[in-house]
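[1] pasting the structure only:
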Ligand code: NI
């Protein structure tokens, strides 16, 4: 059975206008309480900091390319071999006759993962690339 982390309680003083905007934000995002929304915002900041300082993180890189483009599949495979220490898995989807999508799951040093992302998105023939920057989960509760 998972051990529930001990909770602590603290008061927050905040301008009325900002509080109203925050309440509207949490309703729009579907949060059940201010506490849950604040917890998520804190974690979001911590995860961003972890990436910025080049810590150990997890995430995903997704991209779309036309596989008829000259040697592109080879180049993208070479890149993933070069960065094999941060690549966990790759899923390839044949979107239509021409277009392929790959979703690469990554874990490791943020700097290496950012370098892989930059290399993928700047590869000639890649139509679009996006990245999900998340956490290994450590230190988030
Ligand atoms: Ni394909």
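    The structure has been received and is ready for your questions. Worth saying up front: this structure is predicted, and the values here are computed from it rather than measured.

[2] contact partners for whichever residue of the chain sits closest to the ion?
    With Cβ to the ion as the measure, residue 100 is the residue of the chain nearest to the ion, at 3.2 Å. From N, CA and C alone the C-beta is placed, and that goes for glycine too. Listed by Cβ atoms under 8 Å, 6 or more residues apart in numbering, the contact partners of residue 100 are 64-67, 73, 92-94.

[3] check residue 55 too.
    Contacts here follow Cβ under 8 Å, 6+ apart; on that basis residue 55 touches 109-110.

[4] give me the distance between the residue of the chain closest to the ion and residue 39.
    Distance check for residue 100 against residue 39: by Cβ to Cβ, to the nearest Å, it reads 38 Å.

[5] what does the protein have sitting close to the ion?
    Taking Cβ under 5 Å from the ion as the criterion, the neighbours of the ion within the chain are 94, 100.

[6] low-confidence stretches in the chain?
    Across the chain, residues meeting the criterion (pLDDT under 70) sit at 1.

[7] all strands of it, in order?
    Assigned strands in the chain, in chain order: 56-66, 87-94, 99-109, 126-134 (criterion: DSSP state E).

[8] that concludes my questions; thank you for your assistance.
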